[in-house]
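1. What follows is a predicted protein model with its sequence.
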Amino acid sequence: MLYIDSDILQETKDGKIIYYKKDDKNDRINLYVEDKKNETIEYFIDNFITESILLEGFTKLPDFLKLIGRGFKTSGIRYYLNKLLQQEKISTFIISSKQKSFCFENKMVLNISDFEKIRKVAIAAKKKASQELQQSIINMLNNIFPQQFHTNKNVAIKTSKNFLLNAIDMTDINDLTENDVTKITDLALRASKRFKRADKSERILLDMKDKIRIQTLEDILTEYKKLLEEGPNEGKWQSFFDKYIRIFDTGYIDNISQVNISVFGTKKPDLMMLDLHNYIDVYELKTTKAHLLGYDESHDNYYWHSDITKVIAQAEKYIKTMQDNSSDIIRAIRTQTNKNIEIIHPKAIIIAGHSKQLENEKQKQDFKMLRESLKNISFVLYDEFYDRLNNFYELLQKKK
């Protein structure tokens, strides 16, 4: 084993040379495998319909592929090839210097000469886009220095638009940084305001919002379902809700859980959320395994289990503390966050347990009665919360 290019390693096994690197977690990522005897290279590529590309008739990595693995050097090729291969349901993709190009069933072979033609087209398209970018810059300079830079403004608008649309299609989204995505979002927001009719702008903005929320909710629901299956400790649930609760409930404008409020002492709410009206809600999170009910055989009644009575008592204590010390809490939050809040009839939300504990109709009815008897406290089961999110997600899907 030795270092090839600062962070690329190689290993010889069964007559093959395996090139790989390590990620942040020290896990191994294979880049490509050279088989000089059979003149083949298996090249692994990210976000492609086939996990790897087979290079046939090659004893070393060709210059059109990145040395560090994972993709082509020429922009746009991976995106469009992947799109077309998916369309034809190709599962085996070969670039060959020995075979003629052919496509049959789920296998495609591209002779290297044909592949080079594709590369030339992609390079020409990129060059054209660069020329359009240059023209766009000239047009902008013309606005600033009209005496020095002369251009046709009518052409400028068309060129700028074409450049942008071509660039969108050619961009490899895996190369985008967080700042890049922010700029694209800002552009979309500015573009939505160009229409004189307010209903058009509003429709575009609402459509963008729904698309983003659908994608976000898909990811959150997947993570939530995994947590439901794992049944983790309170800390993991708290981290999950702390991260996503403002997406769960758009009525909240800020999470103020990190504010230091001395009147709570060493024990403070798991979450403190500020709503649109500047009122505070507090959350107490237990686990899905927290016991919900105990049974009184002599009266044939179910009652809150001690796991739940403790958290209810804690939630009631938070509410009482907030009511009795409202001015101190308001002052602490204003000092640390510069937010003006109100403390009027504060409420607590407890999330604990799972409906699978309610095995018969009697348990369900008594649980409902106990829950409805709580004052200024909402009690929600973890799977109920999941169902609410899933229903909201499906509603957005139907709307689309």
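-> On my side now, so go ahead.

2. who touches stretch 382-400?
-> 210-211, 213-214, 217-218, 220-221, 224-225, 228, 237, 248, 288, 351-356 (Cβ atoms under 8 Å, 6 or more residues apart in numbering). In short, each C-beta sits where N, CA and C put it, glycine included.

3. From the residues you listed, list just the buried residues.
-> Among the contacts of stretch 382-400, those buried by neighbour count (16 or more other Cβ atoms under 10 Å) are 213, 217, 220, 224, 237, 248, 288, 351-355.

4. Now for this protein: which strand has the highest residue count?
-> strand 342-351 (DSSP state E).

5. Give the buried residues for that one.
-> 343, 346-351.

6. where does the protein dip in pLDDT?
-> Residue ranges of the chain with pLDDT under 70: 1-6, 69, 75, 128-141, 143-172, 400.

7. one more time with 50
-> 1-5, 153-157 (pLDDT under 50).

8. the domain parsing of it - what is it?
-> Here the domain assignment for the chain is 2-119, 217-399, based on automatic domain parsing.

9. now the end-to-end length of the longest one.
-> When you say that, I think you mean domain 217-399. The first and final residues of domain 217-399 sit 15 Å from each other (Cα to Cα, to the nearest Å).

10. quick one on the thing from earlier: now intersect the contacts of stretch 382-400 with the helices, please.
-> Of the contacts of stretch 382-400, the ones assigned to helices by DSSP state H are 210-211, 213-214, 217-218, 220-221, 224-225, 228, 237, 248.

11. packing partners for the longest strand of the chain?
-> Contact analysis of strand 342-351 by 3 or more Cβ pairs under 8 Å, 6 or more residues apart in numbering; DSSP states H and E lists strand 279-285, helix 306-324, helix 326-337, strand 377-380 as its packing neighbours.

12. what's the angle from the third one to strand 342-351?
-> Per axes from the mean of the first three to the mean of the last three Cα atoms, to 10 degrees, the angle that helix 326-337 makes with strand 342-351 is 80 degrees.

13. contacting residues around helix 326-337?
-> By Cβ under 8 Å, 6+ apart, helix 326-337 touches 254, 256, 259-263, 280, 322, 339-343.

14. Now do stretch 347-361: distance to the chain's middle.
-> On the basis of Cα atoms, centre = their mean, to the nearest Å, stretch 347-361 sits 29 Å off its chain's mean C-alpha point.

15. Equivalent analysis for stretch 254-268, please.
-> Distance, centroid of stretch 254-268 to centroid of chain: 29 Å (Cα atoms, centre = their mean).

16. possible to save the buried residues of strand 342-351 as JSON lines with distance to residue 233?
-> Output for the buried residues of strand 342-351, formatted as JSON lines (distance: Cβ to Cβ, whole Å):
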{"residue": "343", "distance to residue 233": "31"}
{"residue": "346", "distance to residue 233": "27"}
{"residue": "347", "distance to residue 233": "26"}
{"residue": "348", "distance to residue 233": "21"}
{"residue": "349", "distance to residue 233": "19"}
{"residue": "350", "distance to residue 233": "17"}
{"residue": "351", "distance to residue 233": "14"}
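
17. Closest to residue 206 out of the residues you listed?
-> Nearest to residue 206 among the buried residues of strand 342-351 is residue 349, at 28.3 Å by Cβ to Cβ.

18. Verify the contact between the closest one and residue 280 for me.
-> No - counting by Cβ atoms under 8 Å, residue 349 stays clear of residue 280, with 11.5 Å between them.

19. Could I get the domains of the chain in TSV, plus columns for distance to residue 127?
-> Shown next, in TSV, are the domains of the chain (distance: least, Cβ to Cβ, whole Å):
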stretch	distance to residue 127
domain 2-119	11
domain 217-399	37
